[in-house]
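[1] sequence unknown, structure follows:
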């Protein structure tokens, strides 16, 4: 693993940990708003993002590179309505997708085939992440401010395993 590939992988560990931190903040915010199901969904996202960071760090170690843990910025504390929360989550997932694609480009330029293969999982994962979050945004947009509808969606998201 050359220095350029190492750097983008290391930076992505930091980005994944920020994503986890952001989803934890969103979970706590939604919990405070009494949307327990949505908070549960965000907590599971938090756990997934931590796993993504570990997966990248572990790959670096397997390639003989020691990951360097970088500072993680604090996420916002306020997010707005449930629809606004999930819109922000979707925009964030699109941003992460762009980062993963940029990492793949670097791996291609550097002819790091192992890194390219490893990144295939992340590319597929981002398709799933964006699709799931977009589906929730669409459902929340349909129910609008209707509290009955919001609590139906909240219950559905609380069932996520």
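    In hand now; what should we look at? Values in this document were obtained by computation on a predicted structure and should not be read as measured data.

[2] and the helix or strand that contains residue 87, what other elements does it pack with?
    Following DSSP states H and E, one finds residue 87 within helix 82-109. If you count contacts as 3 or more C-beta pairs under 8 Å, 6 or more residues apart in numbering; DSSP states H and E, helix 82-109 packs onto helix 3-32, helix 36-62, helix 113-143, helix 147-158. For glycine as for every other residue, the C-beta is placed from the backbone atoms N, C-alpha and C.

[3] turn those into JSON lines, including mean pLDDT and distance to residue 78.
    As requested, the helices and strands packed on helix 82-109 are exported to JSON lines (pLDDT from 0 to 100; distance: least, C-beta to C-beta, whole Å):
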{"stretch": "helix 3-32", "mean pLDDT": "97", "distance to residue 78": "7"}
{"stretch": "helix 36-62", "mean pLDDT": "98", "distance to residue 78": "15"}
{"stretch": "helix 113-143", "mean pLDDT": "97", "distance to residue 78": "17"}
{"stretch": "helix 147-158", "mean pLDDT": "95", "distance to residue 78": "18"}
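
[4] relative to residue 106, which of those helices is closest?
    Each of the helices and strands packed on helix 82-109 was scored for nearness to residue 106 using C-beta to C-beta, and the closest is helix 3-32 (5.0 Å).

[5] just the buried positions in the closest one, please.
    Of all the residues in helix 3-32, those buried under the rule 16 or more other C-beta atoms under 10 Å are 5-6, 8-30.
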